[in-house]
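S.K.: got a sequence here, can you model it:
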Amino acid sequence: MMRLTTKPEAKARRAALIGHSLLATTAVLWGSSFISTRLIVGEVPPLLLGFLRGLLAVVVLGAVARWNRVPLRTGFGDWLPLALLGALGVGYFYLGLNLALQWTTAVTASLLSLPYPALTALAAWLFLRERLSVHQVVGIALAGAGATWLTLESAQDSVGGAWIGNLLVLSITVAWTVYTLIGRRILPRWSPLAATFHVMLSGTLLLAVGAGLEYLSGARPIWTSQTMLLTLYLGIVCTGIGYTFWNSGLRLVPAAAASVYMYLQPLTVLVLAIPVLGERPTPGTFAAGGLVLIGTALAARRTGGD
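M.R.: From the prediction side, this is the model:
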């Protein structure tokens with residue numbers, strides 16, 4: 001006899017479906033941000049682009065928080081750790097990515113920015129004395145081998161070429177790892193939306209200072225309809241709406257299941273980069289990228305008690 005679905009079960013399934021849809025959409029948006037950034041990095045100075053992206057995101061996140069009546073007040077003593085997190089997770093992340101995409105491809109950048117779970121597990125073992133499981137050790141080794149292969153693959157380019165961009169992306173991944181470890185202790189004080197707002201705001205303020213100095217040095221943007229639309233898309237859609245969707249999805253889907261969607265990001269980049277940017281990944285890129293994906297998946301797994 002077929003069992004009828006109860007109303008609570010049906011409601012839970014709808015909520016899970018909405019959560020998974022939000023997370024998948026976010027992964028696609030974040031993947032498309034590599035494409036959008038690659039299209040305009042030569043026309044909008046990197047610090048200015050990072051500042052505008054952060055500013056637009058702060059406006060969206062603030063509006064969402066106000067609409068949902070999420071308190072955003074914070075103590076004066078919290079601004080120093082928030083400034084550190086903003087510098088790592090917003091300021092340097094956007095600056096480094098904008099600079100990197102002037103040299104390396106969107107596909108390679110998306111793959112090299114992926115293995116932060118492997119770096120986080122390694123750093124937690126080195127500095128926080130957290131234990132590593134066997135599959136995490138294997139994952140760290142595979143992700144490291146894949147990232148090294150991807151970086152050396154670009155060494156065949158001309159001097160000052162893609163390998164510089166690759167090293168910049170790797171430095172971003174290291175910065176995000178530090179952000180993750182520090183954020184574990186600091187960010188739980190606020191709701192996910194409030195924490196994202198504060199980190200984005202502090203990072204954007206730092207980028208504002210950098211953009212001002214960049215302007216004084218003579219850097220000027222070339223504003224066209226494309227650069228303006230892509231800047232709005234990066235700030236409002238990819239960042240502001242993206243983080244809103246991600247935080248909302250995490251309330252409806254377990255974190256372990258949500259982490260799977262990060263692998264959709266490089267796939268999105270690959271699908272878009274070939275027709276939009278004309279990128280042609282080599283067999284070596286696919287092979288090295290496969291190692292990064294497999295290694296990251298293994299390193300991100302936790303033992304049953306975690």
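S.K.: now R131: phi and psi?
M.R.: For R131, the backbone dihedrals are phi -80, psi 150 (criterion: degrees, to the nearest 10).
S.K.: enumerate every residue touching it.
M.R.: W125 (Cβ atoms under 8 Å, 6 or more residues apart in numbering). In short, each C-beta sits where N, CA and C put it, glycine included.
S.K.: give the contact list for L49.
M.R.: For L49, the contacting residues are 37, 40-41, 94, 98, 231, 234, taking Cβ under 8 Å, 6+ apart as the criterion.
S.K.: ah, wrong one, I meant P81
M.R.: With the criterion set at Cβ under 8 Å, 6+ apart, P81 makes contact with 182, 186.
S.K.: okay, it and F197: tell me how far apart.
M.R.: Distance of P81 to F197, computed by Cβ to Cβ, to the nearest Å: 15 Å.
S.K.: so where's the stretch 1-150 of the chain uncertain?
M.R.: 1-7 (pLDDT under 70).
S.K.: apply 50 and report the result again.
M.R.: For the stretch 1-150 of the chain, the stretches flagged by pLDDT under 50 are 1, 4.
S.K.: just the element for the residue nearest the centre of the chain, please.
M.R.: Central residue check for the chain by Cα atoms, centre = their mean: the C-alpha nearest the mean position is that of W30, 7.0 Å away. Assigned by DSSP states H and E, W30 falls within helix 7-40.
S.K.: could I get the buried residue list for that helix?
M.R.: 19-20, 22-40 (16 or more other Cβ atoms under 10 Å).
S.K.: sorry, back to before: tell me the phi and psi of the closest residue to the residue nearest to the centre of the chain other than its chain neighbours?
M.R.: Using Cβ to Cβ, 6 or more residues apart in numbering and skipping the chain neighbours, the partner closest in space to W30 is Q265 (5.3 Å). Backbone torsions of Q265, given as degrees, to the nearest 10, read phi -60, psi -50.
S.K.: re the thing from before, surely the residue nearest to the centre of the chain touches C238?
M.R.: Yes - in this structure W30 lies within contact range of C238 using Cβ atoms under 8 Å: 6.3 Å.
S.K.: hey, where'd the helices end up in the protein?
M.R.: Listed in chain order, the helices of the chain (DSSP state H) span residues 7-40, 46-67, 79-86, 93-100, 106-112, 116-127, 134-153, 162-186, 192-216, 225-232, 242-250, 255-258, 264-272, 283-300.
S.K.: quick one, which of the ones you listed gets closest to R73.
M.R.: Closest approach to R73 among the helices of the chain (Cβ to Cβ): helix 192-216, 8.8 Å.
S.K.: what packs against the closest one?
M.R.: helix 46-67, helix 79-86, helix 93-100, helix 242-250 (3 or more Cβ pairs under 8 Å, 6 or more residues apart in numbering; DSSP states H and E).
S.K.: try it again at 10 Å.
M.R.: Judged by 3 or more Cβ pairs under 10 Å, 6 or more residues apart in numbering; DSSP states H and E, helix 192-216 is in contact with helix 46-67, helix 79-86, helix 93-100, helix 162-186, helix 242-250.
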